[in-house]
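J.: Pasting the sequence and the predicted model now:
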Amino acid sequence: MVATLPRVADVWEWLDAVPDPEIPVISVVDLGIVRDVALEGETLVVTITPTYSGCPATSIIRLDIETALREHGVRDFRLEQRLSPAWTTDWLSQKGRRKLEDYGIAPPQPGGTPAHCPRCKSAHVKRISQFGSTPCKSQWQCEDCLEPFDHFKCI
Amino acid sequence: MSALFEFLLRQGDNALVLGHRVSEWCGHAPVLEEDIALANTALDLIGQTQMWLGLAGEVEGKGRSADDLAFLRDVWDFRNLLLVERPNGDFGHTMMRQFLFDAFNLVHLTELANSTDDRIAAIAEKAGKEAAYHLERSRNTVVALGDGTEESHARMQAALDALWPYVGEIFENDSVSDELAADGIAPEPASLRAAWDARVQEALAEATLRHPEGDFAHRGGKTGVMHTEHLGHLLTQMQWLQRAYPGATW
């Protein structure tokens, strides 16, 4: 049992170490789905928003957040879901965008066209499909190095 | 049954039944990319179902969850449009149905985002983004196949002609929609027709498809008065597990 209440700044740091279950190079904080961390009396309230309404990772993310909080000794907490304002790719952190690209996923670009191939950086890219391996990605191909790659859909 | 509950069932059941229909393509689509796209579309729709039916259960106040409403109601309790329970037909037919629905869904959700009920506005805001993405794909596919080969053109025209009698029901007002419109909760369906027509006509023209002339409308889906026999068959598949093993959970 922890005698002292967790500090909000520490909680943000802990959550920034919780990986997204489907794209483990970025954290749930990078992804922009943790909307708020606050203390209500002695209860820690973490507010999260889903990326896509049917994203199967959402329940795993909740579980991973709960696990992380428990590991840091937090017992008195509540997870809340907030739908509005709806999640947007604008909430991805700069750090998250860089990590996505290093991992081989083109970060979201307004207009829906990736800036360049995440591997060879060529701007000659074409869309293969509007949908990809997870609800948040579309499939593209580089016309120079010919590698297929995922693009994080811009919504 | 309150008008609000009834309305939420309509929203949830449209997403659920169409989501299930589209999921029937999983593993059967003409190419892998389309298979993935269809499965993702179905997933978005099932996600939207959880939000609408979740709220429906809350509004009803009898402790029924979204799962209870999805799996433990029978045909006559469903409030989806007849359009979405139509069998898939070929790939072109499926995409034509998707296009006709997506165009309605986006126009409707855009209005619902201004609902006087904050819970409905929040769901509409979320689902509207997904609907816009779905419409982009279904519209492009209708145009590509309509303005494609002789074979694909003929199939898309046949799909449009076969589905057209199911369009009228979408825009019919009734006592449920009157009550919600009066409270500013949801727009009258008839008021959405012009915006829908504009989107659909523009796409059909680009697809070189002939706009059907008749305005005959099958009805009975959203009121639950008379669904087609297809919905019963769909439910036997979708609800089988909960019927055979009541209360089974992950």
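T.: Cool, got the structure. Residues are numbered from 1 along each chain as shown, chains lettered A, B, ... in the order given.
J.: how about the residues of chain B that lie near chain A?
T.: With C-beta under 8 Å from any C-beta of the partner chain as the criterion, chain B meets chain A at residues B:33-34, B:36-37, B:39-41, B:43-48, B:50-51, B:118, B:121-123, B:125-130, B:133, B:136-137. (C-beta placed from N, C-alpha, C; glycine too.)
J.: can you rerun that using 7 Å?
T.: B:33, B:36-37, B:40, B:43-44, B:46-48, B:51, B:121-123, B:125-127, B:129-130, B:133, B:136-137 (C-beta under 7 Å from any C-beta of the partner chain).
J.: of the residues you listed, buried ones?
T.: With burial judged by 16 or more other C-beta atoms under 10 Å in any protein chain shown, the buried subset of these is B:33, B:36-37, B:40, B:43-44, B:46-48, B:51, B:121-123, B:125-127, B:129-130, B:133, B:137.
J.: Not counting sequence-adjacent ones, nearest residue to A:Leu100?
T.: Counting by C-beta to C-beta, 6 or more residues apart in numbering or on different chains, A:Leu100 lies nearest to A:Pro107, which is 4.8 Å off, once chain neighbours are set aside.
J.: before we move on, the earlier item: restricted to helices, list the residues of chain B next to chain A.
T.: Of the residues of chain B next to chain A, the ones assigned to helices by DSSP state H are B:33, B:36-37, B:40, B:43-44, B:46-48, B:51, B:121-123, B:125-127, B:129-130, B:133, B:136-137.
J.: circling back: from A:His116, how far out is the residue nearest to A:Leu100?
T.: Taking C-beta to C-beta, to the nearest Å as the measure, A:Pro107 falls 11 Å from A:His116.
J.: B:Gln242 now?
T.: Going from B:Gln242 to A:His116 by C-beta to C-beta gives 48 Å.
J.: Only the buried residues of the longest helix seen in chain A, if you could.
T.: With secondary structure taken from DSSP H, chain A has its longest helix at helix A:57-71. Neighbour-count burial for helix A:57-71 flags A:Ala57, A:Thr58, A:Ile61, A:Arg62, A:Asp64, A:Ile65, A:Ala68, A:Leu69 (criterion: 16+ other C-beta under 10 Å).
J.: Nearest residue to whichever residue of chain B sits closest to chain A in space, please, no chain neighbours.
T.: With C-beta to the nearest C-beta, the shortest gap between chain B and chain A falls at B:Gly47, namely 2.5 Å. Leaving aside its sequence neighbours, B:Gly47 sits nearest to A:Gly54 (C-beta to C-beta, 6+ apart; 2.5 Å).
J.: list the contacts for the one you found?
T.: By C-beta atoms under 7 Å, 6 or more residues apart in numbering or on different chains, the residues touching A:Gly54 are A:Pro135, B:Leu43, B:Asp44, B:Ile46, B:Gly47.
J.: Any chance of the backbone angles for it?
T.: Backbone geometry at A:Gly54, expressed as degrees, to the nearest 10, gives phi -100, psi 10.
J.: Contact residues of chain A facing chain B?
T.: By C-beta under 7 Å from any C-beta, the residues of chain A that approach chain B are A:52-55, A:83-84, A:86, A:128-132, A:135, A:139, A:155.
J.: My read is that A:Lys126 contacts A:Asp144, right?
T.: No. Applying C-beta atoms under 7 Å, one finds A:Lys126 not in contact with A:Asp144, separated by 11.0 Å.
J.: I'd like the distance from the closest residue to chain B within chain A to B:Leu53, if you could.
T.: Distances between chain A and chain B by C-beta to the nearest C-beta are smallest at A:Gly54, namely 2.5 Å. Going from A:Gly54 to B:Leu53 by C-beta to C-beta gives 13 Å.
J.: so B:Arg21 touches B:Gly89, yeah?
T.: No. Contact between B:Arg21 and B:Gly89 fails when scored by C-beta under 7 Å: they sit 10.4 Å apart.
J.: higher neighbour count, these two?
T.: Ranked by neighbour count (other C-beta atoms under 10 Å in any protein chain shown), B:Arg21 and B:Gly89 place B:Arg21 first, with 23 against 16.
J.: What sits closest to that one if chain neighbours are left out?
T.: The shortest distance from B:Arg21 to any non-neighbouring residue, by C-beta to C-beta, 6+ apart, is to B:Asn88 (6.0 Å).
J.: Look up phi and psi at that neighbour.
T.: With angles defined as degrees, to the nearest 10, B:Asn88 sits at phi -60, psi -30.
J.: what's the farthest-apart pair in the contacts of A:Gly54?
T.: Spatial extent of the contacts of A:Gly54 (C-beta to C-beta) is set by the pair A:Pro135 and B:Ile46 at 10.9 Å.
J.: So what does residue 108 have for phi and psi?
T.: Looking at chain A here, since you left the chain open. For A:Pro108, the backbone dihedrals (degrees, to the nearest 10) come out as phi -60, psi 140.
J.: look at chain B instead
T.: Per-residue torsions, B:His108: phi -70, psi -50 (degrees, to the nearest 10).
J.: Contacts only, for it.
T.: B:His108 touches B:Leu192, counting by C-beta under 7 Å, 6+ apart.
J.: Tell me the pLDDT of it.
T.: pLDDT, B:His108: 98.
J.: A:Thr4 now?
T.: Note on A:Thr4: pLDDT of 79.
J.: Could you do B:Ala56 as well?
T.: Note for B:Ala56: predicted pLDDT of 98.
J.: Just give me the neighbour total for it.
T.: Using other C-beta under 10 Å, B:Ala56 has 25 neighbouring residues.
J.: Quick check: nearest residue in space to it, chain neighbours excluded?
T.: In space, B:Ala56 comes closest to B:Leu8 once its chain neighbours are excluded; the distance is 3.7 Å by C-beta to C-beta, 6+ apart.
J.: Can I get the helix or strand harbouring that neighbour in PDB, CA atoms only?
T.: Under the criterion of DSSP states H and E, B:Leu8 resides in helix B:3-23. Provided in PDB are the C-alpha atoms of helix B:3-23 (Å, rounded to 0.1, in the frame of the first residue of the first chain):
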ATOM      1  CA  ALA B   3     -38.700   7.100 -29.200                       C
ATOM      2  CA  LEU B   4     -35.200   7.700 -28.100                       C
ATOM      3  CA  PHE B   5     -34.600   4.000 -27.400                       C
ATOM      4  CA  GLU B   6     -36.200   3.100 -30.700                       C
ATOM      5  CA  PHE B   7     -34.000   5.600 -32.500                       C
ATOM      6  CA  LEU B   8     -30.800   4.200 -30.900                       C
ATOM      7  CA  LEU B   9     -31.800   0.700 -31.900                       C
ATOM      8  CA  ARG B  10     -32.200   1.900 -35.500                       C
ATOM      9  CA  GLN B  11     -28.700   3.400 -35.400                       C
ATOM     10  CA  GLY B  12     -27.200   0.400 -33.700                       C
ATOM     11  CA  ASP B  13     -29.000  -2.200 -35.800                       C
ATOM     12  CA  ASN B  14     -28.000  -0.600 -39.100                       C
ATOM     13  CA  ALA B  15     -24.400  -0.700 -38.100                       C
ATOM     14  CA  LEU B  16     -24.700  -4.200 -36.700                       C
ATOM     15  CA  VAL B  17     -26.500  -5.900 -39.500                       C
ATOM     16  CA  LEU B  18     -24.400  -4.200 -42.200                       C
ATOM     17  CA  GLY B  19     -21.200  -4.900 -40.300                       C
ATOM     18  CA  HIS B  20     -22.200  -8.500 -40.100                       C
ATOM     19  CA  ARG B  21     -23.000  -8.700 -43.800                       C
ATOM     20  CA  VAL B  22     -19.700  -7.100 -44.700                       C
ATOM     21  CA  SER B  23     -17.800  -9.400 -42.400                       C
END
